[in-house]
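*Asks:* I'll drop the sequence and a predicted model, then ask my questions.
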Amino acid sequence: MNKYTVINPHSKFTVLNTHVHNIDGVAKVTGRAEYTFDIKLPGMLYGKILRSPHPHAKILNIDYSRAMELPGVYGVVTGKDTLGVKQGIWRRYKDLCDEQILPVDKVRYIGEPVAAVAAITEEIAEKALDYIDVEYEVLQGVYEPLDAIKKDAPEIHEGFERNINVTRHIEWGEVEEAFDEAEYVREDWFKCGGQAHMCMETRAAVSSYTPEKKMTIYSSNQSAYYMQALMAGVLGMREGDIRILAQYVGGGFGGKFELDGAIFCSAILSMKLFRPVKIIYTREEDFIATKRRTPMFYYVRTGVKKDGTFCAREAKVFTNGGAYTGMGATALYLTGFFHSFPYRWKGYRYDGYRVYTNTLPSTSMRGFGAPQAMWCSEQQIEWIAADLGLDPIEMRRKNSHHEGYEVPGQATIASCGIDQCYDEIKSWIASKGELPANRSIGLSACGFMSGGIFNWFDTPYSFSSAVVTINQDGTVELHVGAQEIGQGSNTTMAIICAEALGVKVGDIKVHSGDTDHCPADLGAWGSRQTLMTGNAVKMAAESAKKQLLEFAYAQSGLNIVYDLDIKDGWVHAIARPERGEEFVQLVRKALRGKDGQRIIGRGYYTPHRKGMISPAYSYMLQGVEVEVDEETGKITLVDSMTAHDCGQPINHLGLIGQLEGAFSMAAGYGYLEYMPYEDGKLMNPNLVDYKMIRATEMPPANIAEIDTYEPEGPYGAKEAGEGLTNPTAAAIGNALFHRFGIQMKECPVRPEMILNALKEKKEAQEK
Amino acid sequence: MSDPINDPVICPVCGKKAKTGSAIDCARHMFGTGDKPHREWVNAQGLSFIDLMIEQATTPGNASYQILADAIEKARPKK
């Protein structure tokens, strides 16, 4: 049974800070929610994609004449049917727009699209792939970043010397002087694996192009606006001529805000055939032909004083970028930034190198580079505490961020509840008493952003926008560009709108996932929507409320020193709450007073003067109790406790769901979800061989929510649900360290690694 | 040594003043930008942009940035 406790709770709200079920929950559990998978259009064809069997090869010729002879096949497209645009999400930096989704002359990883077929059934389209003849000139491949930077390594992209894709440097303070002050310095090398996004809904799209030169695309994605703008770029169309629909999306986790083969190939086929075309990825395609969490090699040097005061840290990171940039350049920066979290360093230096290889491209994934950073950082800190004989919690506490701290040149911390997180985890550990001999506890701290400030997409729009329209019956239409992907975004926005306007959640109808009718918004990534779209929604609702209250004042005849408010659908003077009228009555009067024009409130949000990374940061500390079978090396998670500061919770049910989900994904990264490659080929692209944590393997996910107030967030709210992907792997590693004294430097930790480490330890002791 | 406040170092390629105006910040800017003109300028100083970068990546410390900072100082017009 999970335990959920709120520390420092506030009670000034009517709707917010309560337990609200997802507003789309009933539609989902009754099967009425229509995902891209469910879309059927008149005359629709089914598409399938032919993929490269080679990790690195030139495309010499593609002959699809035999496929066209197959009954039921309507058309085939290759790179020659496209504009050949090298696209990417880094529109401000053309060098980083490096991916032709249907390449014209060269393939760079196994699974890369080469051609796409449209036919009357999926089976015929699949069969037709066998009749497409592709002539390749196979090139030498390279699969690991440390091999790809060697002088004699094959060149993957022309002009990128030694295959270095992107570099990032972060530095503050006098690093070497700070190291000189240190009385103890430790160096370690770590290896962090990749991870599949593993959305319940695989990549999917239905594209329909009409002779009027308009394109409608149903797509499973994290940002309808990004899809619209990126598709306009690759198709040579105007954004306004493309409509993206994504009402229900079965998960994203950072893997669905770039173009993929499903959306691109279905659109190209539809343009060629003037018929709707649907492409749904199989699970295997989702594994081998989308993108993944970025694998990294991490060197960490840390200098501390003997009393545990942190002095300096230096990190050098090589990431396996795979074949294309994707969102990897941002992950490269964020891993370096969050590697410093949540601590104060007098001197800090980070050099990150993203290297092209002939493997599946890597990109953003829940945590955005921070899980890798924390795997290395939080284990090394635990080892340093042990080396120096210090209490690891108190050592962390004395070096932690606090309110008002400035991460030099990068960020200012306006709210920070980590100190109370230490207290909560200490209490939890103490409550455990003496553990059985085969169990141990590990812990790990971290912080995370509440939306990214970076505008690599070069949008001219506000980062978030919202429109509130009030109907004559008191119901409210809320239009947002925020993307609901299963995380409860629509519910969060409905709650904020209801709280600001003074009505019930049931009065709000949220419209999202439709670029024709919703304002532009950067979408669901980097934990941005609660803070950014939430601010826009609050502003829009407050604007509508202000317009209504102007009418209320005018008709009330109250002395102007009295304030009016709306709570729970009741418009009243704050000083005399019993005197007032129903919200709906006021709305009708206001409509008459505006010559029938509806009350419309508009809101927007773009961060300004909030540093380099994010407007706000969440904080957390997690403890996990781990059991290990010494004969098999099998890990079992027994219990967990997360102390978590997300500012002011908007919806406790949503928060609990997000934290549990993040924990399960983070645990998978820590000890289960292994992606082995051989010569560029993923060896386990299925859910039998790729192990994820199952419901029966989930330990209790106890939560102590530390309420703080974030001045930049709507009602004081900040990030929740992505940050908790960061600490768990290191907490598991630290539990193993405390149990056996072994230091795990590669994740995910597999049973054979534990057995080998125990064997090595035993041999060393015998010597 | 340059005076970052009164006489800040300007990037010899794009004319940008990097952060504090010091030569080492200019070196970081050049590595961070890393486009063809910046690479060519570094190579024209008798250094190898890519070798400096790999050296920076694979060894502790800041040696490559310092080497490039020295080259930037050396190439500054004499006043």
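*Replies:* Received, thanks.
*Asks:* Now for residue A:520: which residues touch it?
*Replies:* Residues in contact with residue A:520 (CB atoms under 8 Å, 6 or more residues apart in numbering or on different chains) are A:225, A:459, A:461, A:462, A:465, A:481. Glycine gets a C-beta too; all of them are placed from N, C-alpha and C.
*Asks:* Likewise for residue A:522?
*Replies:* Counting by CB under 8 Å, 6+ apart, residue A:522 has contacts A:223, A:225, A:226, A:457, A:459, A:463, A:464, A:481, A:528, A:532.
*Asks:* so how far is residue A:530 from the fifth one?
*Replies:* Using CB to CB, to the nearest Å, one gets 20 Å for the distance from residue A:459 to residue A:530.
*Asks:* So which residues on chain A come close to chain B?
*Replies:* Residues of chain A lying close to chain B by CB under 8 Å from any CB of the partner chain are A:95, A:149, A:159, A:161-162, A:164, A:167-169, A:171, A:175-176, A:187, A:299, A:301, A:314, A:316, A:318, A:349, A:351, A:353, A:409.
*Asks:* The strand or helix carrying residue A:270 packs against which elements?
*Replies:* Assigned by DSSP states H and E, residue A:270 falls within helix A:261-273. On a contact count with 3 or more CB pairs under 8 Å, 6 or more residues apart in numbering or on different chains; DSSP states H and E, helix A:261-273 meets strand A:45-51, strand A:73-78, strand A:113-119, strand A:204-209, strand A:215-219, helix A:224-235, strand A:277-280.
*Asks:* Those into JSON lines, with extra columns for mean neighbour count?
*Replies:* As requested, these are exported to JSON lines (neighbours: other CB atoms under 10 Å in any protein chain shown):
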{"stretch": "strand A:45-51", "mean neighbour count": "24"}
{"stretch": "strand A:73-78", "mean neighbour count": "22"}
{"stretch": "strand A:113-119", "mean neighbour count": "26"}
{"stretch": "strand A:204-209", "mean neighbour count": "28"}
{"stretch": "strand A:215-219", "mean neighbour count": "24"}
{"stretch": "helix A:224-235", "mean neighbour count": "23"}
{"stretch": "strand A:277-280", "mean neighbour count": "27"}
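*Asks:* What is the neighbour count of the residue of the stretch 301-450 of chain A found nearest chain B?
*Replies:* Per CB to the nearest CB, residue A:353 is where the stretch 301-450 of chain A lies closest to chain B, at 5.0 Å. Look at residue A:353: counted by other CB atoms under 10 Å in any protein chain shown, it has 26 neighbours.
*Asks:* dump the residue contacts of it.
*Replies:* Residue A:353 makes contacts with A:145, A:149, A:164, A:166, A:167, A:316, A:317, A:318, A:319, A:332, B:53, B:57, as judged by CB under 8 Å, 6+ apart.
*Asks:* quick one: which of the residues you listed is nearest residue A:441?
*Replies:* The closest of these to residue A:441 turns out to be residue A:317 (CB to CB; 28.7 Å).
*Asks:* confidence score at that closest one?
*Replies:* Predicted confidence (pLDDT) at residue A:317: the value is 96.
*Asks:* sec struct for it, please.
*Replies:* strand (DSSP: H, G, I helix; E, B strand; the rest coil).
*Asks:* phi, psi of the closest residue to it other than its chain neighbours?
*Replies:* Using CB to CB, 6 or more residues apart in numbering or on different chains and skipping residues adjacent in sequence, the residue nearest residue A:317 is residue A:352, 4.5 Å away. Taking degrees, to the nearest 10, you get phi -120, psi 140 for the backbone angles of residue A:352.
*Asks:* Kindly report the same for residue A:473.
*Replies:* According to degrees, to the nearest 10, residue A:473 has phi -90, psi 10.
*Asks:* And residue A:304, by the same measure?
*Replies:* Dihedral pair for residue A:304: phi -130, psi 160, per degrees, to the nearest 10.
*Asks:* partner residues bridging it?
*Replies:* For residue A:304, the beta-bridge assignment (DSSP bridges) gives partners residue A:184, residue A:310.
*Asks:* right, and it touches residue A:182 too?
*Replies:* Yes - under the criterion of CB atoms under 8 Å, residue A:304 makes contact with residue A:182 at 5.7 Å.
*Asks:* So which elements touch the biggest helix by length in chain B?
*Replies:* In chain B, with assignment by DSSP state H, the single longest helix is helix B:63-75. If you count contacts as 3+ CB pairs under 8 Å, 6+ apart, helix B:63-75 packs onto helix B:23-33, helix B:49-58.
*Asks:* Nearest approach to residue A:718 belongs to which of these?
*Replies:* Closest of the helices and strands packed on helix B:63-75 to residue A:718 is helix B:23-33, at 29.2 Å (criterion: CB to CB).
*Asks:* how far does that closest one sit from the chain's center?
*Replies:* 5 Å (CA atoms, centre = their mean, to the nearest Å).
*Asks:* Next SSE downstream of it?
*Replies:* Downstream of helix B:23-33 (by DSSP H and E), the next one is helix B:36-44.
*Asks:* Using PDB, list the CA coordinates for that next one.
*Replies:* Only the C-alpha atoms of helix B:36-44 are listed here, as PDB (Å, rounded to 0.1, in the frame of the first residue of the first chain):
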ATOM      1  CA  LYS B  36      34.000  26.100 -40.500                       C
ATOM      2  CA  PRO B  37      35.300  29.700 -40.200                       C
ATOM      3  CA  HIS B  38      36.200  29.300 -36.500                       C
ATOM      4  CA  ARG B  39      37.900  25.900 -37.200                       C
ATOM      5  CA  GLU B  40      39.900  27.400 -40.100                       C
ATOM      6  CA  TRP B  41      41.100  30.300 -38.000                       C
ATOM      7  CA  VAL B  42      42.300  27.900 -35.300                       C
ATOM      8  CA  ASN B  43      44.100  25.700 -37.900                       C
ATOM      9  CA  ALA B  44      45.700  28.800 -39.400                       C
END
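*Asks:* Next one, pLDDT for the closest residue to chain B within the stretch 501-650 of chain A please.
*Replies:* Closest to chain B within the stretch 501-650 of chain A is residue A:612: 11.7 Å, counting by CB to the nearest CB. Here the pLDDT value assigned to residue A:612 is 86.
*Asks:* Report the contact partners of the closest residue in space to residue A:475 that isn't next to it in sequence.
*Replies:* Excluding its sequence neighbours, the residue lying closest to residue A:475 (CB to CB, 6+ apart) is residue A:507, at 5.4 Å. Applying CB under 8 Å, 6+ apart, one finds that residue A:507 lies in contact with A:474, A:475, A:476, A:498, A:569.
*Asks:* how close does the second one get to chain B?
*Replies:* According to CB to the nearest CB, to the nearest Å, residue A:475 and chain B sit 52 Å apart.
*Asks:* Tally up the residues packed near that residue, please.
*Replies:* Residue A:475 sits with 15 neighbouring residues when counted by other CB under 10 Å.
*Asks:* Run a quick neighbour tally on residue A:449.
*Replies:* Using other CB under 10 Å: residue A:449 sits among 27 other residues.
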